[in-house]
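Visitor: Okay, sequence plus prediction incoming.
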Amino acid sequence: MKPVTPDDKLAAVVGSTPLPRTELTKKLWAYIKKNGLQDKKVKTQINADDKLKAVFNGKGKVSMFEMTKLVSGHLK
């Protein structure tokens, strides 16, 4: 897969190294799990911390599906 480069906001979460989308997604999920950001009751919801709020355009809570769309906007 062709590597993609995260912008500054996304790089704060996954690092600035260009990587394939699959690896980027793995790093994003590792960050979410490490910081306990997956909603306890509704497992498809992600509760954003300050770094993820920047990636999620200021939203405090997004679905997994919406997250994918929002992350795509932060790739070069």
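Guide: Received, thanks. Computed from a predicted model, the values in this text were never measured in an experiment.
Visitor: Mind jotting down where the helices sit in this structure?
Guide: 8-14, 21-34, 50-55, 64-72 (DSSP state H).
Visitor: Save these as CSV, and put in distance to residue 42, mean neighbour count and mean pLDDT too.
Guide: For every residue, glycine as well, the C-beta is placed using N, CA and C. Converted to CSV, the helices of the chain look like this (distance: least, Cβ to Cβ, whole Å; neighbours: other Cβ atoms under 10 Å; pLDDT from 0 to 100):
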stretch, distance to residue 42, mean neighbour count, mean pLDDT
helix 8-14, 21, 18, 96
helix 21-34, 14, 15, 96
helix 50-55, 16, 18, 96
helix 64-72, 10, 15, 94
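Visitor: So which of those helices is nearest residue 41?
Guide: Among the helices of the chain, the nearest to residue 41 by Cβ to Cβ is helix 64-72 (14.5 Å).
Visitor: Surely residue 13 is in contact with residue 31?
Guide: Yes. Using Cβ atoms under 8 Å, residue 13 is in contact with residue 31, at 5.2 Å.
Visitor: list residues touching both of those two?
Guide: Shared contacts of residue 13 and residue 31, defined by Cβ atoms under 8 Å, 6 or more residues apart in numbering, comprise residue 52.
Visitor: follow-up on the earlier one: the helices of the chain: which one's closest to residue 2?
Guide: Nearest of those to residue 2, taken as Cβ to Cβ: helix 21-34 at 8.5 Å.
Visitor: Show me the contact partners of that closest one.
Guide: Contacts for helix 21-34 (Cβ under 8 Å, 6+ apart): 1, 4, 6, 13-15, 19, 37-38, 46, 52, 67, 71, 75.
Visitor: and with 7 Å instead?
Guide: 1, 4, 6, 13-15, 38, 46, 71 (Cβ atoms under 7 Å, 6 or more residues apart in numbering).
Visitor: Output those as TSV; include the columns distance to residue 56.
Guide: Output for the contacts of helix 21-34, formatted as TSV (distance: Cβ to Cβ, whole Å):
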residue	distance to residue 56
1	24
4	18
6	14
13	11
14	14
15	18
38	14
46	8
71	9
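Visitor: just those residues now: which is nearest residue 62?
Guide: residue 46 (5.5 Å).
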